[in-house]
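Undergrad: pasting a predicted model and its sequence here:
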Amino acid sequence: MSDWRSLLLPDSPLAAVLPGFQPRAEQQVMAEAVATAIDARSRLVVEAGTGTGKTFAYLIPVLFSGAKVIVSTGTRNLQDQLFHRDLPLLAGLVGHPVRIALLKGRSNYLCRHRLALAVAAPPLPGFERARQRALGRIVRWSEATESGDISEVDSVADNDPIWAAVTSTRENCLGQDCPEFRRCHVLLARREAQAADLVVVNHHLLLADMALREEGFGELLPGAHAVILDEAHQFPEVAAQFFGTRFGSRVVLSLVRDAELEVTRAGLMDAAARAQLADLETSVSGLSLVLSGLGDRLEWAQLPDAALEAAEELAIALENLAERYEDVQIEVAAVRQCGRRAREAAGRLRGLLAYDDAAGLQWVENGPRYFSFEFIPFEVADRLRSQAEERPCAWVHTSATLAVGEDFAHYVQRVGAQGARTLRINSPFDYREQSRLYLPPGMPDPSDRNFNRALIDAAMPLLRAAGGRAFLLFTSHRALAEAAQLLREAMDGEDRFPLLVQGDMPRDALIKRFREIGHAVLLGTASFWEGVDVRGPALSIVVIDRLPFASPEDPLLKARLEGLRRSGRNGFSEHQIPQAVLALKQGVGRLIRDSTDFGVVMIGDPRLRSRGYGRTFIASLPEMPVTTKIEEVTAFLRLHLAGLD
């Protein structure tokens, strides 16, 4: 097939393999813009409303372009969807072979060397049975897997601590000195990616490639003709964290465990070695003791001198370990690597101790069993812009939420994409017919202690009219917990909708259960505001408690606001409002996912009408009829739900 445009027209071959395919003018407009950007090696920022079909709108011209392309996503779920579902479906329609590869971060791949170490290691106290069961499953899988992608192992949870023992990090990877180097799953995945025409990565991995942060990596971008950033609204936050610095107690304790194992295996363990490792553990414990009782999060200026002195002692202990094991006369590569890890950790800690408050924000995260020193820069836009300008390829940023109204300035400035073409494509869905926006009257200020009770009281008529079928989205875990209790109290014997509350089971399991029940009420916080796709009448109501302004204690927000303040700009209008608008658009976007969907969005925050900036929020949402009359929205729900069981 010579022209990709024919795939998006009526009677397209795509219709034969994609049930329900319908040509959409919005999709065609976006695809033309993407194709133009690829041909011109230019930059494009495009907001594509829900239902545009943006994934196919960029994949189809990409596959026909003959260019080497990197597609970067915000989540592993979308990575897997693109690689396992969307790309195989489209690749067969191109008419010429296209080599496609999936590349994830190294923590997503089994490390054969570390698996051997884990099998040989003695069981950890209190963890013997669970650890051995999980390890046994991983060993059996390791004998058959080709990719080494740990997502293949359904029988071991993603968050099981065993994975940390059988996957590698940049710090503990032995590289070419590894006895399993030739069979390394990470190496094989990278080789496939370098040979592919299209590579699917995630934002963090793309940033690692851009910054050449990882030895032996950084070979993707130099050969790419185009980079597509899907879920691009997440990219600035990922970049801010990526270009920061972190030093934590868990890194040191992991080093101690690995060093003890590797030194013992090498036959180098003696009394002096044991004493040195014990000294390192003692230094970590000493710093942790000084920090205990000082709060969960400390500003750097709040650190007592005793903490800085203890951190200095820890740096010295790391340097002593490095000096002992970096010796080139040590024949065992794994032992030398422990020395290099200690040197790098010490350097990172010393860099943090030499903090320059003109560069960014620094603080301490402090828990009962861990601590970490954190730094994030005030601004990453200049670094992102220079990285992009050094590579003459097309850059396409796309998401359903990038613009505030018609204005892309906030996003463009954050990613250093000044001069890029911007394009806003409205959703093809008829929101005026399919939805209503309900702003309940008489709501108290969100700071009022009775706000959550008023929210539940306002939502109950909607829930009863629909018989459940709702998401209740909250901006904090505290509000969610209180609202869940209030909702249980408000329900009586006639209310037969089951409640699903975040935390009761894993996120994906909750969503699956919500779909299966068909008339449940799900209460969730941030992770449910985006990336959740429930179609049909099972989701007919989305209730949002407050405008999603980030917590003033959030370090990323603090750093951004301080950076703006130092440059003489207004952080509230230039950052907090735009960020909250984009977050609200994500939450509202959970409701209408298909042309046959319908429903009501209720936002409990009275500031939408009482504050001048409320107009900015309303103007950025889809064109839903706005009402303050409960009778109107309950009648709307009953009309559309009539006839459903």
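TA: Yes, it's here.
Undergrad: show me where pLDDT drops low in the stretch 51-200 of the chain?
TA: Scanning the stretch 51-200 of the chain for pLDDT under 70 picks out the ranges 122-130.
Undergrad: can you give me the helices for it?
TA: Ranges of helices in the stretch 51-200 of the chain, per DSSP state H, counting those that start in this stretch, are 54-65, 76-81, 87-91, 112-120, 128-142, 162-166, 185-195.
Undergrad: distance to Glu32 and mean neighbour count added to those helices, as a markdown table?
TA: To be clear about C-beta, it is placed using only N, CA and C from the backbone, and glycine gets the same treatment. Converted to a markdown table, the helices of the stretch 51-200 of the chain look like this (distance: least, CB to CB, whole Å; neighbours: other CB atoms under 10 Å):
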| stretch | distance to Glu32 | mean neighbour count |
| --- | --- | --- |
| helix 54-65 | 8 | 24 |
| helix 76-81 | 23 | 17 |
| helix 87-91 | 17 | 17 |
| helix 112-120 | 47 | 17 |
| helix 128-142 | 45 | 15 |
| helix 162-166 | 43 | 19 |
| helix 185-195 | 28 | 18 |
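Undergrad: which residues are contacting stretch 430-443?
TA: Contacts with stretch 430-443, where a contact means CB atoms under 8 Å, 6 or more residues apart in numbering, come from 451, 454-455, 458, 462, 591-592, 595, 597-606, 608-609, 618, 621-628, 630, 632-633, 636.
Undergrad: which parts of that stretch are buried?
TA: By 16 or more other CB atoms under 10 Å, the buried positions in stretch 430-443 come out as Tyr431, Gln434, Ser435, Arg436, Leu437, Tyr438, Leu439, Pro440, Met443.
Undergrad: restricted to strands, list those.
TA: Counting by DSSP state E, these place Ser435, Arg436, Leu437, Tyr438 in strands.
Undergrad: what about the second one, distance to Ala40?
TA: Here Arg436 is placed at a distance of 42 Å from Ala40 (CB to CB, to the nearest Å).
Undergrad: next: Thr167.
TA: Thr167 is 41 Å from Ala40, by CB to CB.
Undergrad: who's more crowded, these two?
TA: Of the pair Thr167 and Ala40, Thr167 is the one with more neighbours under other CB atoms under 10 Å, namely 22 against 11.
Undergrad: end to end, how far does stretch 263-276 reach?
TA: Length of stretch 263-276, first residue to last, CA to CA, to the nearest Å: 12 Å.
Undergrad: tell me the mean pLDDT over that stretch?
TA: The pLDDT scores in stretch 263-276 average 91.
Undergrad: list the buried residues in that stretch.
TA: Buried-residue list, stretch 263-276, by 16+ other CB under 10 Å: Val263, Ala266, Met269, Ala273, Gln276.
Undergrad: by contact count, what packs against the helix or strand containing the fourth one?
TA: Using DSSP states H and E, Ala273 falls within helix 271-291. Packing contacts for helix 271-291, counted by 3 or more CB pairs under 8 Å, 6 or more residues apart in numbering; DSSP states H and E, involve helix 249-265, helix 305-325, strand 371-377.
Undergrad: now the two most distant members of the ones in strands among the buried residues of stretch 430-443.
TA: Greatest spatial distance among those (CB to CB): Ser435 and Tyr438, at 10.0 Å.
Undergrad: circling back: determine which two of the buried residues of stretch 263-276 are furthest apart.
TA: Among those, Ala266 and Gln276 lie farthest apart (CB to CB), at 14.9 Å.
Undergrad: distance to Val45 added to the helices of the stretch 51-200 of the chain, as JSON lines?
TA: Below are these laid out as JSON lines (distance: least, CB to CB, whole Å):
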{"stretch": "helix 54-65", "distance to Val45": "13"}
{"stretch": "helix 76-81", "distance to Val45": "19"}
{"stretch": "helix 87-91", "distance to Val45": "23"}
{"stretch": "helix 112-120", "distance to Val45": "41"}
{"stretch": "helix 128-142", "distance to Val45": "42"}
{"stretch": "helix 162-166", "distance to Val45": "36"}
{"stretch": "helix 185-195", "distance to Val45": "26"}
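Undergrad: so which of those comes closest to Asp356?
TA: Of all the helices of the stretch 51-200 of the chain, helix 162-166 comes closest under CB to CB, at 32.5 Å.
Undergrad: the closest one packs against which elements?
TA: helix 112-120, helix 128-142.
Undergrad: quick one: low-confidence ranges for this protein?
TA: Low-confidence segments of the chain, defined by pLDDT under 70: 1-2, 122-130, 212-219, 328, 645.
Undergrad: quick one, domains of it?
TA: 4-99+196-242+380-425, 107-179, 245-377, 431-641 (automatic domain parsing).
Undergrad: so how far is the shortest one off the chain centroid?
TA: Relative to its chain's centre, domain 107-179 lies at 23 Å (CA atoms, centre = their mean, to the nearest Å).
Undergrad: please apply the same query to stretch 575-590.
TA: Using CA atoms, centre = their mean, the offset of stretch 575-590 from its chain centre is 16 Å.
Undergrad: repeat that for stretch 454-464.
TA: Worked out by CA atoms, centre = their mean, stretch 454-464 lies 31 Å from the chain centre.
Undergrad: which of the residues in it are buried?
TA: Within stretch 454-464, judged by 16+ other CB under 10 Å, the buried ones are Ala454, Leu455, Ile456, Ala458, Ala459, Met460, Pro461, Leu462, Leu463, Arg464.
Undergrad: then stretch 295-313?
TA: Buried-residue list, stretch 295-313, by 16+ other CB under 10 Å: Leu298, Trp300, Leu303, Ala307, Ala310, Ala311.
Undergrad: cool, and stretch 146-156?
TA: Ser147, Gly148, Asp149, Ile150, Val153, Val156.
Undergrad: can I get those in JSON lines with distance to Ser427?
TA: JSON lines is the format used below for the buried residues of stretch 146-156 (distance: CB to CB, whole Å):
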{"residue": "Ser147", "distance to Ser427": "36"}
{"residue": "Gly148", "distance to Ser427": "40"}
{"residue": "Asp149", "distance to Ser427": "34"}
{"residue": "Ile150", "distance to Ser427": "36"}
{"residue": "Val153", "distance to Ser427": "38"}
{"residue": "Val156", "distance to Ser427": "39"}
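Undergrad: what about the residue located most distally from the centre of the chain, distance to Leu220?
TA: Most distant residue from the mean C-alpha position of the chain: Ala271, 45.2 Å away (CA atoms, centre = their mean). Distance, Ala271 to Leu220, using CB to CB: 48 Å.
Undergrad: same check on Gln22?
TA: Relative to Leu220, Gln22 is positioned 35 Å away (CB to CB).
Undergrad: so between those two, which is more surrounded?
TA: For Gln22 and Leu220, the more surrounded residue by other CB under 10 Å is Leu220, and the numbers stand at 23 against 12.
Undergrad: so who does that one touch?
TA: Ile70, Leu103, Ala193, Gln194, Val199, Val201, Leu206, Asp209.
Undergrad: show me the two of those that sit farthest apart.
TA: In terms of CB to CB, the contacts of Leu220 reach their longest pairwise distance at Gln194 and Leu206, which sit 14.5 Å apart.
Undergrad: looking at the helices of the stretch 51-200 of the chain, which is nearest to Glu323?
TA: Across the helices of the stretch 51-200 of the chain, closest to Glu323 is helix 112-120 (CB to CB), at 24.1 Å.
Undergrad: what's the angle from the closest one to helix 249-265?
TA: 80 degrees (axes from the mean of the first three to the mean of the last three CA atoms, to 10 degrees).
Undergrad: and helix 112-120, C-alpha only, in PDB?
TA: The C-alpha trace of helix 112-120 is given here as PDB (Å, rounded to 0.1, in the frame of the first residue of the first chain):
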ATOM      1  CA  ARG A 112      20.900 -14.200  35.100                       C
ATOM      2  CA  HIS A 113      23.900 -13.500  37.300                       C
ATOM      3  CA  ARG A 114      21.900 -12.000  40.100                       C
ATOM      4  CA  LEU A 115      19.400 -14.900  39.900                       C
ATOM      5  CA  ALA A 116      22.300 -17.300  40.400                       C
ATOM      6  CA  LEU A 117      23.400 -15.200  43.400                       C
ATOM      7  CA  ALA A 118      19.900 -15.200  44.800                       C
ATOM      8  CA  VAL A 119      19.600 -19.000  44.500                       C
ATOM      9  CA  ALA A 120      23.000 -19.400  46.300                       C
END
